[in-house]
Every structure is written in structure tokens, then in C-alpha cells.
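following is a predicted model, sequence given first.
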Amino acid sequence: MGVFRKKSKDDALDYKKINEGITIGVNLLRIIFILAVALLIFVCSKLLHDWGILPFVKKILTIISPLFIGILIAWLVDPMVKKLEKKKVNRTLGTVFVYVIFLSAVYLVLRLMIPTVWHQLNELISSVPSFLNSIKDWIDNFFDRLSDISGYDLKDAQENIYVMINNLGNSLTVGLPSAIMNIAGSIVTGGANLFIGLLIGFYMSLDFGNVKAHLLTFVPRRYREDTRHLMEQLNANLRSYVHGTVRIMLILFIFQSIALGIAGLKAPMIFGLFCAVTNVIPYIGPYIGGAPAVIVGLSMSPMTGICVLIAVVIAQLLESNFLQPLVMGKTMKLHPVTIMLGLLVFGNLFGILGMIFATPIISIFKTIWTFFNEKFSLMEKMTNQ
């Protein structure tokens, strides 16, 4: 009985399956690598927070925030200033013209929105007692029907819910004035930082091209061309993301405000703005933004709540199936797992603000990683080890 035998056609190597196995292995390695990086970032951030370093860094960033605002504004208006330069307009005059148009547009928007939003906010606050009473009436009807069906006495559970509602009402009544004062203080502080940032941005815009060239002088000469190429990639990706995001937010704000107003919801512009801002958060943003609107709508009447829910769902379908592919396209090119991990890490560390900025920050890291991976074949070296 021979141990070796001649290979038949059935014993031939299935190269297709081998390639599929290699592809699955490489993808698993990438996922493991992403998980390891996310875990490392989370652990380092947690240690920095526990050691008191992260709060100190946050404080420093808050102090120098006008500088970042100025850089952001100069970066945003630079393409418009460049277009005027191509039309033989002096850069100083072009910068002044762009800033005048920009500030005029901001002033007109605030002039139109602030009185309406303030009126709707007062209307919403004054409706809190009736909102709580509506919830109590709904709970009464619910427990009455439940008691008739089950035959059990549910008064204790009903009383506990009443206590929770009363506590909520008291906290809203007591906390709203202080919350409004805190918001007003934040607006004043933010306005001062924005004003200083506008000044910094204006002076940077006068010579923004030379600012970038000056930054490259800090890079060793042999790496300058690669650094310039990387900066161009980051600039293109972030600019596409910002422009697309702003357009989607504006369209959703207008659509949601009109739709929620037609549905009969109080303060539709406030809820529309909240929905538009939270929509920046991938996957879970629409639910965060739509939940308060639906709850308030249901407290007004079941029909209003259903109409509000329909408006929120239609807006989400519009955004995911039409606006996102049309306006954003494949700008970020991020895997859903990567985005969700980023949301968990940044949300845990910085709250909802961290979740809003998680996607562009992850995109920056991905662009940098892709650049170095293409240049030095890092992934190939890792898989070959």
C-alpha cells in the first residue's frame, strides 16, 4: 500500500479560494489594527484625563481657540479670495470684499433668525406645564386601560411615575433660568472669541499663501515636497467635507423647519436646527435630533406626534438616499466600523461635540496613514512579518 499517489485533477490547488482566504486574512488584520489603534487612543486619553493632563490641554485649547477660528475662517475664504486674484483684483481689496459679504450674510441671517427663535423658545418654555399635564393625562388613560385588562391595582407604579414627572417639572422650572443664563454667558464668550478669530482670520487671509509656505520652512528640505503633497490631500478632503456638510445642514434645516411647522410642532425652527446639527453625527445623529421633536409632538397630540415622526423619517430618507450621495459622494471613504469606533471614543471623551468632529478627525488620520502606507508599504510589511 503506497503512501504517495499521483495527483489527480481534483487535487489541484484552488487558487480562487486561496486568494479569497488571503483577502479575508488581510481584512481581518486591518480590522484588528483599527481596533488596536482605537484601544490605544482610548487608553492614552483615559490616562491623560485621570492624570489631569487632558483637562489642562482642554483649557489651553479654549484659551487659544480664537487662533483656530482665525485659521478656519482664513482657510474657508481663501478660495474666494484666490478667484478674485485671478480676475486681477488686489488681494487686500479681495479679502476686504469677501469679508464684507461674509459678515453681511451672517448679520442678515442672525437678524432674521434671532427674533423668531427667541419667540419660539419663550413659547416652548411657557408650554412646559401643559406638556407635563398632557403626559399625566396620557399616563392616567394608559393605567386605567391596563388595570381593566389585567385586573391588578397599579396605583403604586402610577404614583412613582407621577413623582418622576413632578421632579422633572421642578428641575425644568428651577433649571431653565440658570440654563438660559449659562447659554447667554457662553454666547457672549463665544462671540468675543469669534470676533478675535475674525480679526486673526482677516490678517491671515491677506497673506494666506505665504503662511502655508512659511509653515513648510519648519520641515526639513528633503521632506517638503511630500509634506506639500500630503497637505494638498488633507486640504481637498476637508474642504469637500465642510462644503458638503454645510449644504446638507442648510437644506435639512429649511426642510425640517417647514415640515415640523406644518406638522403643528411648537418652536419648529429650534427643533429643525437641532436636527440639522446632530445629523452631522453619522448613523445615530438623526435619532438624537428627532427624538425630542417626536416626544414634544406626542405630548401635544398623538396626531401631531405621528406627523412629526413622518417628517423626521422623510428628512432622514432624503438625506441618506439623495443628499448624501449627491452632495457628499465618497468624500470620507471610511468603513462603518471605523466611524462607530471613532464615535464611541470621541463621544466618551468629549461628549456630543466630540461625536460631531469624530468623522473629519478620523478622515485626517486615515489620509495621513494612506499617504505613508503608499509611500513606505507599511501594511505590506506588517502582513509579511
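Yes, it's here.

what's near enough to touch residue 253?
Taking Cβ atoms under 8 Å, 6 or more residues apart in numbering, we find residue 253 in contact with 272-273, 275-276. Placement of C-beta: from N, CA and C, glycine included.

identify, from those residues, the entry nearest to residue 75.
Checking these against residue 75 with Cβ to Cβ, the nearest one is residue 276 at 22.5 Å.

what's the helix or strand for the residue nearest to the closest one when sequence neighbours are not counted?
Distance criterion Cβ to Cβ, 6 or more residues apart in numbering; nearest residue to residue 276, sequence neighbours excluded, is residue 253 at 3.9 Å. Residue 253 is located in helix 224-263, with elements delineated by DSSP states H and E.

and that helix, which residues are buried?
Residues of helix 224-263 classed as buried: 230, 237-238, 240-241, 244-245, 248-249, 251-253, 255-257, 259-261, 263 (neighbour count, 16 or more other Cβ atoms under 10 Å).

now do the SS call for residue 111.
Recorded secondary structure, residue 111: helix (DSSP: H, G, I helix; E, B strand; the rest coil).

count of neighbours near it?
9 (other Cβ atoms under 10 Å).

and it, how far is that from residue 214?
For residue 111, the distance to residue 214 equals 38 Å [Cβ to Cβ, to the nearest Å].

cool, and residue 293?
In this view, residue 293 and residue 214 are 48 Å apart by Cβ to Cβ.

the two: which is more packed in?
Neighbours per residue (other Cβ under 10 Å) separate residue 293 from residue 214, with residue 293 holding more: 25 against 10.

which element is that one on?
Taking DSSP H and E as the criterion, residue 293 maps to helix 285-300.

buried ones in that helix?
By 16+ other Cβ under 10 Å, the buried positions in helix 285-300 come out as 285-286, 288-290, 293-294, 296-300.

what of stretch 114-121?
Neighbour counts over stretch 114-121 (16+ other Cβ under 10 Å) mark residue 120 as buried.

gap between that stretch and the chain center?
25 Å (Cα atoms, centre = their mean, to the nearest Å).

please enumerate residues in contact with it?
Residues from elsewhere that reach stretch 114-121 (Cβ under 8 Å, 6+ apart): 266-270, 273.

what about the closest residue to residue 193 other than its chain neighbours, how many residues nearby?
With Cβ to Cβ, 6+ apart as the measure, residue 66 is the residue that lies nearest to residue 193, at 4.9 Å, once sequence neighbours are left out. By the measure other Cβ under 10 Å, the count of residues near residue 66 is 18.
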